[in-house]
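**Q** Everything below, folded, please.
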Amino acid sequence: MNSAVQCLSNTPPLTEYFLSDEYVGELNHDNLLGMKGEIANAYADLIKQMWSGKYSYVTPRAFKTQVGRFAPQFSGYQQQDSQELLAFLLDGLHEDLNRIRKKPYIQLKDAEGRPDEVVAKEAWENHRKRNDSIIVDIFHGLFKSTLVCPECAKISVTFDPFCYLTLPLPLKKERTLEVFLVGNDPLTKPMQYKIVVPKIGIISDLCAALSTLSHAPADKMVVTDIYNHRFHRIFSMDENLSSIMERDDIFVFEVTGSRTDDTDMVVIPVYLREKYRQPSYGHHSNTCLFGQPFMISVPRSITEEKLYNLLLMKMCRYVRTYNENEDEEGSLHFVKDLGINGNGQNGVHEEGSPTGEMETDEQDDESSQDQELPSENENSQSEESVGGDNEDSENGIGTDDPYKGQLCHGQKKQLFTFQFNNLGNPDINYVKDDRQIRFEESRQIRLDERTYLALDWDPEVKKRWFDDNAAEDFEKHESMEYRPQKKMFVKLKDCIELFTTKEKLGAEDPWYCPNCKQHQQATKKLDLWSLPPVLVVHLKRFSYSRYWRDKLDTLVDFPISNLDMSEFLINPNAGRCEYNLIAVSNHYGGMGGGHYTAFAKNKDDNKWYYFDDTSVSSATEDQIVSKAAYVLFYQRQDTVSGTGYFAHDHSAKEETSAALGAARDSDEDCNENDAENENCMHTN
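**A** Purely as a prediction, here's the structure:
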């Protein structure tokens, strides 16, 4: 509120209007669109306190109360947008001070081929017939709006008044993202890339950009957001890129087959869990996630042993495995030649069977920290143990020896057991028959964060065979050296040119064509016809769309003096139109909040001051232009105090002239009587 009020307070013609009590005779208590004059009275009282010279600061409690009465969104102490408050105040003051007591009904007309001068004059006169106040005198201008129907080529031209200009800032159409690509080759480390994607795009655009750099097929990619050792999100190809934040860890997995087409392969998310025994609770155990989750493609029909071997193959870069030729201590080596059929040196034979039944009443510690994944004991009926039947309990399951429950029929050591969790996903129905896993559905599994295959590791086994450092290792692509060139600033005139650029209306904001009798995505162009004595420029720093919410911190270079708007006026009779800056409302912070301050030029001493809540300090012109500038106030040079442009200024000018004339007459009388009165003196 302070920022907005300081800018209005330092608008000379408006402040002089209230200080001279000229507003009293123009209060409109009967306007149904107004606030019965209460906003105008409250604002006048505040201005008189601020300019009385009696206070170092003023607390506007009464004014804030009145504003909150008529605009509840500004009540309380939450931060509000200064431009929205300015818009409310200007509209409220206008209606409270509207000189039109009874507004006539006026039917708007289209140009219908008439000259612009005629249509513009008619539009302005019609506007003044219903709206005539000091706010209109100071802040209202006129722009031309041209709409063209894409179907019938109907051209609609109207002239509309405005109270302030909302100027768009040139938006960057692209953004950079850092992503990790996990390829199909299990021996290849993940590669980190920096890719350039459309700012308003979808996940398939990310895959296409990554495919260009990596040569991996885009239709074989699954894009995920990994957080806290789990898939926080698994994106579909048509999701918006705006859902990816800069801080997100984006991992893209190359999979076999397509994630959408019907194939013989199924894509399954895999989590790594460490299983802790709790002796005091018998066989009860807790699990916690560790390492990086991954995606694996498996056949729709596969034996448990082959699934184990595929999983081991996928982790062969960072999982060491037991070899029967090793000594009891088990010298360590990486699996390099593991085959899909289990014929490699992992010690698991095709005819073998992994054993070790998992408990289904366990509590996942990580699950309690993230409600997107319920704990296992809450949904035990949704989990299926893969890797052992009840008869395997004879092999020593539940004992303290981590290896006794992890033996296959060939008596080879198994590093982990695995277990499906299909919470909330009916697509992952499968049948486990004679150690054969078959996915019944012909379509692909719908990938989500609640469906996964958990690999459970005993802490001792993990410590011995799992290499955490190797699992976290990755390489950087040369694209990581890319540094996008940042444009240092844009000029205010660039924003004005963008404002007057022809654009196509969006699908959510069509225009009703009177010829076609239906809504059309017409092309629209705005042009400036006439500008007000005080031009309020709102820089559209907050960007809202269906896909994106952001604050633009672009530095806009705006002139402090001599802003020439003549080149943007299409009115041939407009003449020169130059402005000087008188106030700036600043916003520091982001979308969720921030802090408002103001720069303003004092009308009495012509010096700049910086207003920050109760603090006021002197300022210099080189401090004013900054990334925080949000709303700019410009006064046209031919309307400044002393020009007599406004009625109250004209009266003051006449009074000043009369006073100067009286002083000259007094000087003449004094000169004539010098001999008689040598001590004649003049006071101001």
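**Q** how close does residue 586 sit to residue 611?
**A** Residue 586 sits at a distance of 10 Å from residue 611 (criterion: Cβ to Cβ, to the nearest Å). C-betas here are computed from N, CA, C, even on glycine.
**Q** These two: who's more crowded?
**A** residue 611 (25 against 22; other Cβ atoms under 10 Å).
**Q** contacting residues around the more buried one?
**A** Contacts for residue 611 were tallied using Cβ atoms under 8 Å, 6 or more residues apart in numbering; they are 2, 3, 6, 597, 598, 599, 600.
**Q** related to what we said a few turns ago, between residue 586 and residue 611, what contacts are shared?
**A** Counting by Cβ under 8 Å, 6+ apart, the residues touching both residue 586 and residue 611 are 3, 597, 598, 599.
**Q** Could you work out the most separated pair of those residues?
**A** 3 and 599 (9.7 Å; Cβ to Cβ).
**Q** Quick check: neighbours shared by these two?
**A** With Cβ under 8 Å, 6+ apart, residue 3 and residue 599 have common neighbours 586, 611.
**Q** ok, and residue 47, which helix or strand is that part of?
**A** helix 38-50 (DSSP states H and E).
**Q** Rounded mean pLDDT for that helix, please.
**A** Mean per-residue pLDDT for helix 38-50: 92.
**Q** ok, then the element right after that helix?
**A** Taking DSSP H and E, what comes next after helix 38-50 is helix 61-70.
**Q** Run through who's touching that next one.
**A** Looking at what lies outside helix 61-70 - Cβ under 8 Å, 6+ apart - the contacts are 1, 5, 35, 38-39, 42-43, 45-46, 74-76, 85, 88-89, 92.
**Q** same thing but 6 Å
**A** The list of residues contacting helix 61-70 from outside it, by Cβ atoms under 6 Å, 6 or more residues apart in numbering, reads 35, 38, 39, 42, 46, 74, 75.
**Q** Please apply the same query to stretch 204-215.
**A** Contact with stretch 204-215 is made by 181, 193, 195, 197, 198, 218, 221, 237, 479, as judged by Cβ under 6 Å, 6+ apart.
**Q** just stretch 491-505 next, same as before
**A** Identification of contacts with stretch 491-505 by Cβ under 6 Å, 6+ apart yields 167-168, 511, 521-527, 556-558, 568.
**Q** so what's residue 170 up against?
**A** Under the criterion of Cβ under 6 Å, 6+ apart, the neighbours of residue 170 are residue 490.
**Q** try the one 10 residues further on
**A** Contact analysis of residue 180 by Cβ under 6 Å, 6+ apart lists 190, 192, 251.
**Q** burial measure for the first one, as a count.
**A** So that's residue 190. Neighbour tally, residue 190, other Cβ under 10 Å: 20.
**Q** So it is in contact with residue 183, correct?
**A** No - applying Cβ atoms under 6 Å as the test, residue 190 and residue 183 come out as separate, 7.8 Å apart.
**Q** Okay, helices next: where are they in the stretch 551-684 of the chain?
**A** 647-672 (DSSP state H, counting those that start in this stretch).
**Q** how far away is residue 95 from residue 39?
**A** Distance from residue 95 to residue 39, by Cβ to Cβ: 8 Å.
**Q** Which one's more surrounded, the two?
**A** In this view residue 95 and residue 39 are compared by other Cβ under 10 Å, and residue 39 has more residues nearby, 25 against 21.
**Q** My read is that that one contacts residue 97, right?
**A** No - between residue 39 and residue 97 there is no contact under Cβ under 6 Å: 9.4 Å.
**Q** Remind me which helix or strand residue 143 belongs to.
**A** Residue 143 is part of strand 141-148, with elements assigned from DSSP H and E.
**Q** Flag every buried residue along the following helix or strand past that strand.
**A** Per DSSP H and E, strand 141-148 leads on to strand 155-162 as the next helix or strand towards the C-terminus. Using 16 or more other Cβ atoms under 10 Å as the test for burial, strand 155-162 gives 156, 157, 158, 159, 161, 162.
**Q** Of these, which is the nearest to residue 416?
**A** residue 162 (68.4 Å).
**Q** who's that closest one bridged to?
**A** residue 141 (DSSP bridges).
**Q** Show the model's pLDDT score for it.
**A** Residue 162 carries a pLDDT score of 95 in this model.
**Q** Going forward, the N-terminal residue is numbered 44.
**A** Understood, numbering begins at 44; the last thing we discussed is residue 205.
**Q** roughly how far apart are it and residue 251?
**A** 42 Å.
**Q** Show me which positions of the one helix or strand residue 506 maps to end up buried.
**A** According to DSSP H and E, residue 506 maps onto helix 502-508. Within helix 502-508, the residues that count as buried by 16+ other Cβ under 10 Å are 504, 505, 508.
**Q** Over to stretch 624-636?
**A** For stretch 624-636, burial by neighbour count (16+ other Cβ under 10 Å) applies to 624, 625, 626, 627, 628, 629, 630.
**Q** Quick check: next helix or strand after the helix holding residue 506?
**A** helix 511-515.
**Q** tell me the contacts of residue 284?
**A** 240, 244.
**Q** Ok, residue 169 next?
**A** residue 149 are the contacts of residue 169 under Cβ under 6 Å, 6+ apart.
**Q** Repeat that for residue 162.
**A** Counted by Cβ under 6 Å, 6+ apart, residue 162 has contacts 154, 202.
**Q** quick one, phi psi at it?
**A** phi -70, psi -40 (degrees, to the nearest 10).
**Q** got a pLDDT number for it?
**A** Per-residue pLDDT puts residue 162 at 92.
**Q** Residue 378 now?
**A** What the model reports as pLDDT for residue 378 is 39.
**Q** same thing with residue 375?
**A** Looking at residue 375, its pLDDT is 39.
**Q** same question, residue 654
**A** pLDDT at residue 654 comes out at 93.
**Q** Please report the distance of residue 623 from residue 651.
**A** Distance of residue 623 to residue 651, computed by Cβ to Cβ: 12 Å.
**Q** quick one on the thing from earlier: from the buried residues of stretch 624-636, which is closest to residue 270?
**A** Checking the buried residues of stretch 624-636 one by one against residue 270 (Cβ to Cβ), the nearest turns out to be residue 630, at 31.2 Å.
**Q** so where's the stretch 294-443 of the chain uncertain?
**A** 300-306, 320-328, 364-443 (pLDDT under 70).
**Q** picking that back up, scan the shared contacts of residue 629 and residue 654 and report the most crowded one.
**A** That'd be residue 642 among these, by other Cβ under 10 Å, with 28 neighbours.
**Q** ok, what's across the strand from that one?
**A** residue 627, residue 653.
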